[in-house]
Every structure is written in structure tokens, then in C-alpha cells.
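[1] Below are the sequence and a predicted model for it; my questions follow.
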Amino acid sequence: MSQQDIRVGVVGCGAIFNNHVTGVKQANGAVLAAICDEVPARAEAKGNEQGVPYFTSFEEMLPHVDAVNICVPSGLHAKLGIIAAQAGKHVLVEKPVDITYKAAKALVDACESAGVKHACISQHRFASAIQKAKEMVETGALGTMVQGDAYIKWYRTQAYYDSGDWRGTWELDGGGCLMNQGVHYVDMIQWVMGGVKAVRAITRTMAHNIEVEDVACSLIEYNNGAIGVIQGSTSAFPGLSERFDVHGKHGSIIIEGDKVKLWEIDPEAADLGPYGRGVLEQPTPSVHVLGGEKEGTGAADPSAIWGEQHNMQIQDFVSAIHEDRDAFVTTRTALEPLKVILAIYESSRRGGERVEVAEMEA
Ligand SMILES: NC(=O)c1ccc[n+]([C@@H]2O[C@H](COP(=O)([O-])OP(=O)(O)OC[C@H]3O[C@@H](n4cnc5c(N)ncnc54)[C@H](O)[C@@H]3O)[C@@H](O)[C@H]2O)c1
């Protein structure tokens with residue numbers, strides 16, 4: 001540990017814990033300083049395994065760290081994050097930022113008024129193909145955007161839902177295939193397309209004994225006038241790779257499992273913006289330029305979630321602290337996919353009525 005190393009504590013020694021421990025240990029400028037879990041045997045086992053002090057009380061861990069990575073059930077993210085921010089600790093929460101707008105906004109406000117750095121995991125934003133797609137849409141290289149679709153047709157067994165008493169509950173999971181698994185690609189599509197204005201949706205619980213939805217279909221109106229669909233599932237055996245399709249007047253990009261499947265722009269199109277005719281270098285499918293591509297997939301197996309993008313996001317969080325800048329995905333940024341998902345749930349509750357995303361701020 002050097003004098004400048006940020007001392008990070010990880011709270012929640014469950015399924016995603018290892019991604020955070022690995023991410024902190026590989027990050028330049030950080031050191032794993034403590035871990036915490038409210039289950040004593042779990043805290044002890046992971047503390048001993050990592051060779052760091054362990055705690056069963058989050059508050060008791062705080063004096064030993066400068067920053068916390070919060071990996072507890074989703075409906076507790078804001079509660080713990082606010083305690084940490086008010087103690088002057090930098091805060092990284094797992095996705096979703098929280099499960100209600102009110103709680104999530106309270107976390108954002110607490111972090112901003114405490115002046116601590118804050119971030120919410122959205123690791124797919126670190127995939128080069130996604131970043132390049134964002135750049136292409138933003139610079140107008142695809143022409144006027146007409147359609148944007150995200151499909152997250154994953155599979156989870158009943159045993160997965162039974163493996164934790166918070167899973168599949170409104171109180172702590174806050175939703176099902178969209179709030180938990182789908183939030184990644186909801187974030188990708190809304191980010192790349194420049195934000196969602198309104199939704200119309202149907203969600204159902206079809207294949208599991210859970211409170212929340214395990215299948216969801218929604219029609220999307222984007223802020224830029226384009227339309228599209230978001231479909232989520234944890235009932236689609238055997239679990240398909242997540243995918244998104246964006247279509248502009250002059251081109252299409254299809255990304256599946258963070259890898260380019262199709263990347264075509266009409267060479268005759270007049271409005272390629274800064275890419276101009278003949279200047280654009282089109283990546284061939286499955287060839288990437290920036291790094292951060294995913295080899296494993298959580299489509300059928302949650303334990304297979306690949307860690308490199310977590311490493312990249314944790315490094316970004318640590319660097320943001322050292323460089324006194326915002327993290328790439330702040331908790332404020334993470335309000336956007338949350339609002340889209342909440343609007344989808346509200347539309348389904350209202351029988352598929354059109355719901356404006358801004359209504360979710362009320
Ligand atoms: N980014 C991703 O790809 C990804 C993947 C999986 C999970 N997650 C997110 O990570 C979070 C945790 O998910 P998981 O699957 O690891 O859950 P989990 O149930 O496997 O682990 C949660 C752990 O938190 C502990 N805990 C609960 N309340 C606590 C408290 N108040 N203080 C200390 N410890 C407490 C539990 O004892 C448990 O060990 C969720 O928000 C989930 O959405 C993200």
C-alpha cells in the first residue's frame with residue numbers, strides 16, 4: 001500500500017463479491033482494506049481468504065476505509081450508500097442504483113452534497129463496441145436515428161430465485177428480468193439512443209414462483225423521435241445473448257454479447273458527419289478496437305459474469321477519486337435506466353398505457 005492508495009471496503013460477500021475484490025486488487029491506486037457481511041460466517045470466511053479485517057456491521061467498517069463498494073441486495077444500495085457518503089466515504093454501488101426513484105435520488109443527493117465521488121456499476125458501457133456505437137449515433141454517422149431495440153432474453157432457474165430470500169421480491173429486488181438482469185442493456189440502449197421519452201409495456205410472471213416479472217415487452221419512444229422495443233426475460237431457455245440493434249437512416253449496428261454482429265453504413269449516404277464518405281473505417285463483425293469485450297456471459301449462468309469490465313469500471317472509480325473528476329457512470333447517470341424500468345412497470349400496471357419517463361421523478 002502506498003500513501004496515496006485508496007483503502008476500499010467491499011460490503012456484501014455474495015455472488016458478485018469476487019468481481020469487486022478482483023477489481024479493487026488489480027486497480028492502480030487502490031488497496032482492499034476490509035470486507036463486510038451481516039452473516040458472520042460469510043464475513044469471517046471471506047476476510048480470512050482475502051487476509052483483510054472483516055466486519056458484520058457496515059458502520060464499524062467505515063472508519064477503516066476511504067471508499068466502499070456496495071454489493072448487497074438492490075433495495076439496500078441507497079441506505080448503505082447514504083451512510084457512507086455522510087461519513088465522507090466515496091461510494092460505488094452495484095446495479096441498479098436502487099429500486100425506487102426516491103431512494104436512488106436520495107443517494108445521489110447525499111453523495112453530491114458530501115462532495116464524495118460516486119458511481120454505479122454498468123459494466124457493459126466499458127465494451128468498446130458499445131462505446132463506438134454511442135460515438136456513431138452521437139456524431140450523426142448513421143444519419144437520423146429511426147429505431148433502437150434491446151433484447152435481454154436470459155434464463156434463470158427457480159433454484160436461482162430460491163437461492164436468496166431477496167431474489168424475485170418487490171421489496172429488495174424491486175423487479176425481475178428488467179430491474180435485475182435487463183438493467184444493463186436498458187442502460188445501453190437508452191444511453192446510445194440519447195434517452196427515452198415514453199413507454200408502453202406489458203410485463204408478466206409466467207415461468208417462476210416469484211412476485212416480480214419474468215417476461216417483459218415494451219414499446220419505446222426515444223427523445224430523438226426514434227422508436228423501438230425493449231424485451232426482457234428470465235424465462236427464455238436456454239438463455240440467449242443480450243443484443244441491441246440501432247438503426248439510422250443511413251446505417252445499422254447490431255451488437256450481441258458486447259460483440260459487433262453487424263456494422264453497415266451506406267457509403268453513398270450524404271450525411272455521414274465527421275466520418276464523411278470514404279473516411280469511415282468500418283469494424284468487421286467480431287473485430288474490436290478499444291478492448292473490454294466479454295468472453296463469458298450471464299445469459300444462463302449468473303456466476304459466469306465476466307470480470308474484465310468490472311475491473312475497468314472499478315479502475316475508473318479509483319482514478320476519478322485520484323484525479324478529482326466524475327466517474328464515467330455516476331449514480332446520477334444511473335437514474336436514467338431506473339426511470340425507464342419504473343415507467344415500464346407503471347405502464348404495465350395501467351394496462352399498457354403510454355407513460356412518460358419524466359413522470360417517474362414525481
Ligand atoms: N453487475 C452485475 O453484473 C451484477 C451481477 C450480479 C449481481 N449484481 C448486483 O449485486 C448486488 C448483490 O447481488 P448478489 O447476487 O451478489 O447477492 P447475494 O445475495 O449473493 O449477496 C448479497 C450479500 O449481501 C449480504 N448483506 C445483505 N444485507 C447486508 C447488510 N446490511 N450489511 C452487510 N451485508 C449484507 C448478504 O448476507 C449476502 O452475503 C445486487 O444489487 C445485484 O443486482 C450485479
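    In hand now; what should we look at?
[2] which stretches of the chain form strands?
    6-11, 30-36, 54-55, 67-70, 90-93, 118-120, 145-153, 196-204, 215-222, 227-233, 243-248, 251-256, 259-265, 355-356 (DSSP state E).
[3] of all those, which lies closest to residue 327?
    Of all the strands of the chain, it is strand 118-120 that lies closest to residue 327, at 3.7 Å by CB to CB. C-betas here are computed from N, CA, C, even on glycine.
[4] Point out the other helices and strands that the closest one packs with.
    Here strand 118-120 touches strand 90-93, helix 101-114, helix 308-323, going by 3 or more CB pairs under 8 Å, 6 or more residues apart in numbering; DSSP states H and E.
[5] what sits up against it?
    The contact list for strand 118-120 (CB atoms under 8 Å, 6 or more residues apart in numbering) reads 81, 85, 90-97, 107-108, 111-112, 313, 316-317, 320, 327-331, 333-334.
[6] next one: stretch 10-25
    Here stretch 10-25 makes contact (CB under 8 Å, 6+ apart) with 8, 30-32, 34-37, 39, 42-43, 45-46, 50, 58, 61, 68-73, 80, 94, 164, 302-303, 305, 307, 310-311, 313-315, 318.
[7] How about stretch 34-48?
    Defining contact as CB under 8 Å, 6+ apart, one finds that stretch 34-48 is touched by 7, 9-14, 17, 21, 50, 52-58, 61, 64-65.
[8] Relative to residue 141, which of the helices and strands packed on strand 118-120 is closest?
    helix 308-323 (24.3 Å).
[9] List, one by one, the residues from the stretch 1-150 of the chain near the ligand.
    Within the stretch 1-150 of the chain, the positions adjacent to the ligand are 11-16, 36-39, 42, 58, 71-74, 76, 94-95, 121, 123 by CB under 6 Å from any ligand atom.
[10] Find the centremost residue of the protein, please.
    The centre of the chain sits closest to residue 122, judged by CA atoms, centre = their mean, with a distance of 2.9 Å.
[11] How is the protein divided into domains?
    Following automatic domain parsing, one finds the domains of the chain at 6-123+307-330, 126-300+339-349.
[12] For residue 360, find the nearest of those domains.
    Taking the domains of the chain one by one with CB to CB, domain 126-300+339-349 is closest: 4.2 Å.
[13] For that closest one, measure first residue to last.
    Across its full length, domain 126-300+339-349 reaches 34 Å between end residues, using CA to CA, to the nearest Å.
[14] Also stretch 87-107?
    Counting by CA to CA, you get 13 Å between the two ends of stretch 87-107.
[15] Can you report the mean pLDDT over the residues of that stretch?
    Averaged over stretch 87-107, pLDDT sits at 98.
[16] just checking, residue 224 touches residue 190?
    No: with contact defined as CB atoms under 8 Å, residue 224 does not reach residue 190; the gap is 11.3 Å.
[17] need the contact list for the residue lying closest to residue 339 once chain neighbours are set aside.
    Spatially, and ignoring its direct neighbours in sequence, residue 339 is nearest to residue 360 (4.2 Å; CB to CB, 6 or more residues apart in numbering). Contacts for residue 360 (CB under 8 Å, 6+ apart) come out as 101, 338-339, 342-343, 346.
[18] returning to what we had before: which of the domains of the chain has the lowest mean pLDDT?
    If those are sorted by mean pLDDT, domain 126-300+339-349 sits at the bottom with a mean of 87.
[19] Now do the same contact list for residue 184.
    Here residue 184 is in contact with 95, 122-124, 152, 242 (CB under 8 Å, 6+ apart).
[20] that older thread, mind checking which of the contacts of strand 118-120 are buried?
    Using 16 or more other CB atoms under 10 Å as the burial test, the contacts of strand 118-120 include 81, 85, 90-97, 107-108, 111, 313, 316-317, 320, 327-331, 333-334 as buried.
[21] quick one: which two of the contacts of residue 360 are the most distant?
    338 and 346, at 12.5 Å, using CB to CB across those.
[22] Between the two ends of stretch 127-146, how far is it?
    In stretch 127-146, first residue to last residue: 23 Å (CA to CA).
[23] Off-centre distance for that stretch?
    Here the centre of stretch 127-146 is set off from its chain's centre by 19 Å, with CA atoms, centre = their mean, to the nearest Å.
[24] Give me the buried positions along it.
    Neighbour counts over stretch 127-146 (16+ other CB under 10 Å) mark 127-134, 136-137, 140-143, 145-146 as buried.
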